[in-house]
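Asker: Based on what follows, work out the 3D shape:
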Amino acid sequence: MSMFPLSRSILFGSAALTLALGSLPSEAFANKVFVSNERGNTVSVVDSATWEAVAEFPAGNRPRGIGISPDGKHLYVCASDDDAIKVFDTETYEFLWSLPSGPDPELFVVSADGSKIYVSNEDDNLVTVVDTQSKTVEAEVPVGVEPEGMALSPDGKFIINTSETTNMAHFIDSADYKIKHNILVDQRPRYARFTNDGALLFVSSEIGGTVSVISMTGESGPELKTKISFEVPGVLPEWLQPVGMRVTADNKWLFVALGPANRVAVIDVETLEVVKYILTGQRVWQLEFTPGEANLLTTNGNSNDITVIDVASQEAVKSVQVGQQPWGVVVAPD
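Answerer: Numbering: from 1, shown residues only. A predicted model of the protein is given here:
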């Protein structure tokens, strides 16, 4: 484990971060943080009470997308080069079984009741629907070229997939698995995230350098409302590559990982304006809140760590070393 001492400057690439730290927000209960290490072929486990890495276990070849069943018992990991979703016990870290995922699974979302997993298959241009009880493929949905981002609307009606090469967000009806809407976004969309009231959908475009804001309240269906761009003094525009995103439960703040810019952008959801940039580790990729949203965690693929951000102050407060090239992160529920 590493940490930022009081008023000490830490170098991330060519930038310096100076932090004046108090104590971290206290969590009511310690929660396990699971981090998929893409190049290390492992999952790291971090204790959110001490912010120490407490375990690391094999997770298949090229683990990326990661999630937990609603009951907190099962950890799901996309082992992309094994063409499977591997399932582990969240207490013992024991490998339990594999789920069929289609080729090259990258990201997925789990249904609210945990009965289904919706998986993007980058190599086959499909979204695969997996039944977690029968451990079988229920459906395969053809989508655009190089599907990646996955989201599920809060009401469960739409499964969202973003296709990196087609540059679209596809709206799949969860009842019949048919695409009902397509929205063109900027180049290489990587991630999709709804506000918790379902009124807005955000789609990050890594190469386009924007976040598309899609309104879900129009009479004719989803409509592109605007696009959010980014500008950081001293950072080349081509380094501003939006990827992972999280929205606070009160729908007030949107946090966006900006890849090689080593920043997380903070966006006011009401005004859709960027209000702050938070310096993180190198190549910040995915994000996750701790329960209660006291902290936001980032995976930093080139510095092999996670950054802990205090959500209230919107400041980075700690760095924790994990495995080789961390990609995804999930936190066990209370």
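Asker: surely Ala199 meets Ser215?
Answerer: Yes. With contact defined as CB atoms under 8 Å, Ala199 reaches Ser215; the gap is 7.1 Å. Just so you know, the C-beta spots here come from the backbone N, C-alpha and C atoms, and that holds for glycine as well.
Asker: mind listing the strands for the stretch 151-300 of the chain?
Answerer: Under the criterion DSSP state E, counting those that start in this stretch, strands of the stretch 151-300 of the chain are mapped to 158-163, 168-173, 179-184, 189-194, 200-205, 210-215, 223-229, 245-247, 253-257, 263-268, 273-279, 284-289, 295-300.
Asker: Using JSON lines, lay out those strands together with distance to Cys78.
Answerer: Shown next, in JSON lines, are these (distance: least, CB to CB, whole Å):
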{"stretch": "strand 158-163", "distance to Cys78": "14"}
{"stretch": "strand 168-173", "distance to Cys78": "19"}
{"stretch": "strand 179-184", "distance to Cys78": "22"}
{"stretch": "strand 189-194", "distance to Cys78": "14"}
{"stretch": "strand 200-205", "distance to Cys78": "19"}
{"stretch": "strand 210-215", "distance to Cys78": "23"}
{"stretch": "strand 223-229", "distance to Cys78": "28"}
{"stretch": "strand 245-247", "distance to Cys78": "18"}
{"stretch": "strand 253-257", "distance to Cys78": "18"}
{"stretch": "strand 263-268", "distance to Cys78": "23"}
{"stretch": "strand 273-279", "distance to Cys78": "27"}
{"stretch": "strand 284-289", "distance to Cys78": "12"}
{"stretch": "strand 295-300", "distance to Cys78": "14"}
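Asker: Tell me which of the ones you listed sits nearest to Ala59.
Answerer: Evaluated over the strands of the stretch 151-300 of the chain, closeness to Ala59 peaks at strand 295-300, with 14.1 Å, by CB to CB.
Asker: Partner strands of whichever helix or strand comes after the closest one and their direction?
Answerer: Using DSSP states H and E, the helix or strand that follows strand 295-300 in sequence is strand 305-310. Paired with strand 305-310 in the same sheet, following DSSP bridges, are strand 295-300 (antiparallel), strand 315-321 (antiparallel).
Asker: Put the alpha carbons of strand 305-310 into PDB.
Answerer: Output for strand 305-310, consisting of C-alpha atoms alone and laid out as PDB, is shown next (Å, rounded to 0.1, in the frame of the first residue of the first chain):
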ATOM      1  CA  ASP A 305      -2.800   1.600  -8.400                       C
ATOM      2  CA  ILE A 306      -6.200   2.800  -7.500                       C
ATOM      3  CA  THR A 307      -6.900   6.400  -6.400                       C
ATOM      4  CA  VAL A 308      -9.400   7.000  -3.500                       C
ATOM      5  CA  ILE A 309     -11.400  10.300  -4.000                       C
ATOM      6  CA  ASP A 310     -13.300  11.900  -1.300                       C
END
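Asker: Mind putting the strands of the stretch 151-300 of the chain into CSV with mean neighbour count and mean pLDDT?
Answerer: Formatted as CSV, the strands of the stretch 151-300 of the chain follow (neighbours: other CB atoms under 10 Å; pLDDT from 0 to 100):
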stretch, mean neighbour count, mean pLDDT
strand 158-163, 26, 98
strand 168-173, 22, 98
strand 179-184, 16, 98
strand 189-194, 25, 98
strand 200-205, 25, 98
strand 210-215, 22, 98
strand 223-229, 15, 98
strand 245-247, 22, 98
strand 253-257, 24, 98
strand 263-268, 21, 98
strand 273-279, 17, 98
strand 284-289, 25, 98
strand 295-300, 26, 98
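Asker: Ok, which of the ones you listed comes nearest Ser111?
Answerer: Put simply, out of the strands of the stretch 151-300 of the chain the one that sits nearest Ser111 is strand 158-163, at 9.1 Å, with distance taken as CB to CB.
Asker: Gly221: what's it in contact with?
Answerer: Phe171, Lys180, His181 (CB atoms under 8 Å, 6 or more residues apart in numbering).
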